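Engineer: build me a model from this:
(2 chains)
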Protein chains: 2
Amino acid sequence: MKDFYELSKLVRYYILLSTTRAGSGHPTTCLSAVELMVSLLFGGFFHFDADNPDNPNNDRLIFSKGHAAPLLYSLWTVAGRITEEELTTLRKFGSPLEGHPVRAFPYAEAATGSLGQGLSIGVGMAINGKYIDRLPYRVFVLLGDSEMAEGSVWEAVQLASYYKLDNLIGIIDVNRLGQRGETMYGWDLSAYERRVSSFGWKTICIDGHNFNEIFKAYEEALKNNSPSMIIAKTVKGKGVSFLEDREGRHGVALSEAEFEEALKELGEIKRLTASVKKPDSLKPEPQPLKINEFTKRYNIGEMVATRRAYGEALVKLFPEFSDIVVLDAEVSNSTYAEIFKKHYPERFFECFVAEQNMVGMAVGLALRGKIPFVSTFAAFLTRAFDHIRMAQYSDANIKFVGSHAGVSIGQDGPSQMGLEDIAMMRSILNSVVVYPSDAVSTEKLVREAAKHKGIVYIRTTRSATPVIYNYDEEFPIGGSKVIKRSDKDLCTVIAAGITLHEALKAYEELKKRGIFIRVIDLYSVKPLDVETLKEALSETKAIITVEDHYPAGGIGEAVKSEVGSDRVYSLACRKTPKSGTPEELLDYEEISAKAIVECINKLSKLL
Amino acid sequence: MKDFYELSKLVRYYILLSTTRAGSGHPTTCLSAVELMVSLLFGGFFHFDADNPDNPNNDRLIFSKGHAAPLLYSLWTVAGRITEEELTTLRKFGSPLEGHPVRAFPYAEAATGSLGQGLSIGVGMAINGKYIDRLPYRVFVLLGDSEMAEGSVWEAVQLASYYKLDNLIGIIDVNRLGQRGETMYGWDLSAYERRVSSFGWKTICIDGHNFNEIFKAYEEALKNNSPSMIIAKTVKGKGVSFLEDREGRHGVALSEAEFEEALKELGEIKRLTASVKKPDSLKPEPQPLKINEFTKRYNIGEMVATRRAYGEALVKLFPEFSDIVVLDAEVSNSTYAEIFKKHYPERFFECFVAEQNMVGMAVGLALRGKIPFVSTFAAFLTRAFDHIRMAQYSDANIKFVGSHAGVSIGQDGPSQMGLEDIAMMRSILNSVVVYPSDAVSTEKLVREAAKHKGIVYIRTTRSATPVIYNYDEEFPIGGSKVIKRSDKDLCTVIAAGITLHEALKAYEELKKRGIFIRVIDLYSVKPLDVETLKEALSETKAIITVEDHYPAGGIGEAVKSEVGSDRVYSLACRKTPKSGTPEELLDYEEISAKAIVECINKLSKLL
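Structural biologist: Sure thing, here's the model as predicted:
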């Protein structure tokens, strides 16, 4: 173990060096997990092809406690993949060695830093290994003790056990101290052991600085037939007397004087290098799936809920996009993800009512090359906003599908209504947001989403709506459809989803009175078809946007922001909804055909 | 028990009657919990002054499984508080008997319907009873088995145990079936027992249709000195043979024919009434707190981080607003909620790294008359978006405080940066969003927030900024401050928080070149001071908004939406941030003084 002792000393040196040079960071957080990680990477337990971080046979290591990033970088410095000079670019602008891991660093599996998300990502990767690619790689997740308070961790613990993920190994670095003081359980390892084992995990409690215990723990975990959690008692700041188990030293770099002092304590540093064992090279062996030809076409006028068309589209697309994996949170009979499940049960994963873990799993699956479609009620996607936010920093290729959008769901009431979902999904920097109005546009947009690399949000509607497009119509991201236009259009109504059908009713109503309006289907809410919007503004007296969503961050604001003008008016949900029929609620919120007609009548007097 | 048998039959009748008349709802979900709730309300265990639902001595009953609302309404019909006629307005527009409970129904403690939130609300109410009002009332929470998959439930379980809430009693209605099929554990009560007890709760497993077992369970739970969970095996659809334990009957009302069939099975219905035992009348006995005079004033030019001013403001305000309670998620030394904790430890509750439960607790505290200030990093408030969304339907009076907003936090990187928080908080229908730029405006806005009834979001900044306002300046919600103005202003720069200081630097820079700009502090992001914005637009050639936030749903869109014009330009974060110094990142995102000057130079050529 002598070498491991020396390697640990070197890793500690690198941690202190990099954080001191950076002038910020979390050295004490790193120091507690040194022996745990040195043993894992250099003790032959972790199999990884350092020349090819994306090798499908590589074991996966996720730093759920992302603030221990300097430890991760120091390990790969010892492994000869980062020079000491590069290491000291930690936290500097332009360096891949950021304060918390991001994908720019090739040995970071995922972007972490919002606590309690790493285990869910690990569950997704483990599911991919066990059930999809069928490869024997292992997934290791380093957890902090503070983050065990996050409910999402328990969602992951529960699902890992449900799916019998014997290829998943968690390591809790129980260093007793959180950011502002002691954690809920301090050094009471048994508290973690009782809780984790109650969910069906194998638990192994050890001294996290004792190599013999650590090695035994990994050996045991690796031959276990259930998910395993190594619960390690450690000392925060371990190895530097004036940092050990001290409050007030979280996220504080050492001063130069402290650094010198610490080096004295560490003593002579040997510049050793160590290598990580390579994995066997095996090919993914995905189960051969019986491909179901599903060739249903939709005819104009046919009544089909877009949520149903979503489920059918997945089945149609799968033969072409065989990386599709579908996740749903116990509502697949409402989102109609169940249609895909019936055809391809091996590519559908029930996530139960645990949306945060579902999204974390999707990140893990996406990072292993899959295309996850993640569905639940639009309202309940808000449950996972932090996970969706973090997914963007992993450049995760995920499609989110929110059903039951808006007040048009009716009697169930506001708790079930997605009324902030467009605002939420638009706020993600590089997201795409689409909102189909009929079965044809849904199918085409699901296909566009599958083709697009990145985060896409598809908003679907509960009630059946008539098919208005020919089956051969195309719906590119960033486009729109001018459905009604004439050279005497008074103004333009821009709608999407359910409100498009209200706009079309309004069109017919106004036409009877000799008033013509332009009607645009804004199926691509982000990015917007700015050209068409500006054209409409120049050719008609006003634009009226109509949306089944609260005003802030919705379609109205998006349009107004692009076509700056005082001739753009917005109809949106401006009152707290109640239970009622869809019709009553569309009228109540003044987003119905009636409200559109009234708005245009008012305007026609002003214009 | 004869009466309870008859009462249960009557409640079943009311459930079937109301949902059948409504034509929608969740009858089978209600039927499984009938004996559990009839025993609780009419067995003398639940003490409630039905004439005064807000009596502070009332026990509290939260239907976390909100889709069982018809059961709640049926119970109060039996209690004579709803007529049969009123009961049949279930789910009809304008009726307080909505599809899921809302506060319009006086016997609904909180709005529920997004699963897994009720126990957190109960924790907040139990904390209020035990530690703040010091009243012996009990808090009962009816949970569904499906929602036990939500991590937030485990966050609540964990914290209830940490705070030794012996006044909290949960009841899990284990009816085996979720919406689309069997739950993770089906009827395995021991799975729930092992998990819940591992967190330090007393668990009691019973047959949920056996009155003897139910009564014994409540007796036991009520004399317990820890939180208790009654885990009841029940049958979904109990009492109607063709509904019992059937898949595909979730959220489906009976047809008229099925209703007739069900009535035959129920047999003769006796129109009994039953009453709920009244509580003793006691006065709240809040601990007498030593009031700390805290009279720090801020002077122009003094460098103070707004997050620190937030903590200091709480201490200053407490003597005037003694209902203030402060919650923080393990980062009180970063949000500076710790300043309040040091002065009033009895009114500070550490929630550890579990943001969802923290917000649910805040709802419970708010519904018991407190003014919770809830703080964490702005980025991590996204973790609780669904809980914040639901809080609005409980009309909860909560103040959310997000620190470390934007890229200006620097080296820690994007995972720690609040860049979607304004979009999120603006999307809440009736929310107020304020964003102070210095210590004086922070203190004044914290006071405005405490005065305002409803959801307020306060965005604070990590780094210290100079005090720019006199201590006697006032900051009403909906206002703004024109800081720089002249009769030769070329254009207007609208900023808030950190970017206001960049705007002021830009002002000085441009002034040297003889260019004058108007600078407006948009401290009230929602509602907006439209008048001042329109004035600026009419008096200057253009408006430039500058924000440390992503574009969608942010300040730029808010302003553009209000002052529709093609002369409004927005500077916002349009690239994925990295680690770096605050200065480097403000430049990189083009929201720095330099970027503002460049933008104005470009414009001055165009205008």
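Engineer: please make it C-alpha for all contacts and neighbour counts, starting now.
Structural biologist: Fine.
Engineer: relative to residue A:421, how far out is residue A:553?
Structural biologist: Separation of residue A:553 from residue A:421 (CA to CA, to the nearest Å): 9 Å.
Engineer: for residue A:449, same thing?
Structural biologist: For residue A:449, the distance to residue A:421 - CA to CA - is 17 Å.
Engineer: residues contacting residue A:543?
Structural biologist: Neighbour list for residue A:543: A:491-494, A:536-537, A:567-569 [criterion: CA atoms under 8 Å, 6 or more residues apart in numbering or on different chains].
Engineer: in the sheet, who's paired with it?
Structural biologist: Counting by DSSP bridges, residue A:543 forms beta bridges with residue A:492, residue A:568.
Engineer: burial measure for residue A:293, as a count.
Structural biologist: The number of residues packed near residue A:293 is 12, by other CA atoms under 10 Å in any protein chain shown.
Engineer: swap in the one 3 residues further on?
Structural biologist: The criterion is other CA under 10 Å. On that basis, residue A:296 has 9 neighbouring residues.
Engineer: do residue A:88 as well
Structural biologist: Residues lying near residue A:88 (other CA under 10 Å) number 21.
Engineer: cool, and residue A:354?
Structural biologist: A count of nearby residues for residue A:354, using other CA under 10 Å, gives 31.
Engineer: same check on residue A:199?
Structural biologist: 20.
Engineer: which neighbours do residue A:553 and residue A:421 share?
Structural biologist: Where contact means CA under 8 Å, 6+ apart, no residue is in contact with each of residue A:553 and residue A:421.
Engineer: hang on, the earlier thing: in a markdown table, list the contacts of residue A:543 along with neighbour count, pLDDT and distance to residue A:277.
Structural biologist: Converted to a markdown table, those look like this (neighbours: other CA atoms under 10 Å in any protein chain shown; pLDDT from 0 to 100; distance: CA to CA, whole Å):
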| residue | neighbour count | pLDDT | distance to residue A:277 |
| --- | --- | --- | --- |
| A:491 | 27 | 97 | 68 |
| A:492 | 27 | 98 | 64 |
| A:493 | 30 | 98 | 63 |
| A:494 | 29 | 98 | 59 |
| A:536 | 23 | 97 | 63 |
| A:537 | 19 | 97 | 64 |
| A:567 | 18 | 95 | 66 |
| A:568 | 24 | 97 | 63 |
| A:569 | 21 | 97 | 63 |
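Engineer: now the residues you listed as CSV including distance to residue B:119?
Structural biologist: Output for the contacts of residue A:543, formatted as CSV (distance: CA to CA, whole Å):
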residue, distance to residue B:119
A:491, 50
A:492, 48
A:493, 45
A:494, 42
A:536, 51
A:537, 51
A:567, 48
A:568, 44
A:569, 42
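Engineer: just give me the closest of the residues you listed to residue B:208.
Structural biologist: For those, the residue nearest residue B:208 by CA to CA is residue A:494; the value is 53.0 Å.
Engineer: which residues touch that closest one?
Structural biologist: Neighbouring residues of residue A:494 by CA under 8 Å, 6+ apart: A:500, A:503, A:519-522, A:543-546.
Engineer: how about the residues you listed in CSV, adding pLDDT, distance to residue A:186 and secondary structure?
Structural biologist: Formatted as CSV, the contacts of residue A:494 follow (pLDDT from 0 to 100; distance: CA to CA, whole Å; DSSP: H, G, I helix; E, B strand; the rest coil):
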residue, pLDDT, distance to residue A:186, secondary structure
A:500, 98, 57, helix
A:503, 98, 60, helix
A:519, 98, 62, strand
A:520, 98, 60, strand
A:521, 98, 57, strand
A:522, 98, 54, coil
A:543, 97, 60, strand
A:544, 98, 58, strand
A:545, 98, 55, strand
A:546, 98, 54, strand
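Engineer: pick out the most distant pair among those.
Structural biologist: Among the contacts of residue A:494, the pair separated by the greatest distance (CA to CA) is A:500 and A:543, at 14.1 Å.
Engineer: now do the helices in the stretch 251-400 of chain A.
Structural biologist: Along the stretch 251-400 of chain A, counting by DSSP state H, counting those that start in this stretch, helices occupy A:256-266, A:306-317, A:332-335, A:337-343, A:355-367, A:378-381, A:385-393.
Engineer: of those, flag the one that's most buried.
Structural biologist: Neighbour counts (mean count of other CA atoms under 10 Å in any protein chain shown) averaged over each of these peak at helix A:355-367, with a mean of 31.
Engineer: what's it in contact with?
Structural biologist: Here helix A:355-367 makes contact (CA under 8 Å, 6+ apart) with A:109-110, A:117-118, A:120-125, A:127-128, A:152-153, A:155-156, A:327-329, A:351, A:371-374, A:380-381, A:383-384, A:387-388, A:391, A:394, A:396-398, B:150.
Engineer: what about that helix, average pLDDT?
Structural biologist: For helix A:355-367, the mean pLDDT works out to 98.
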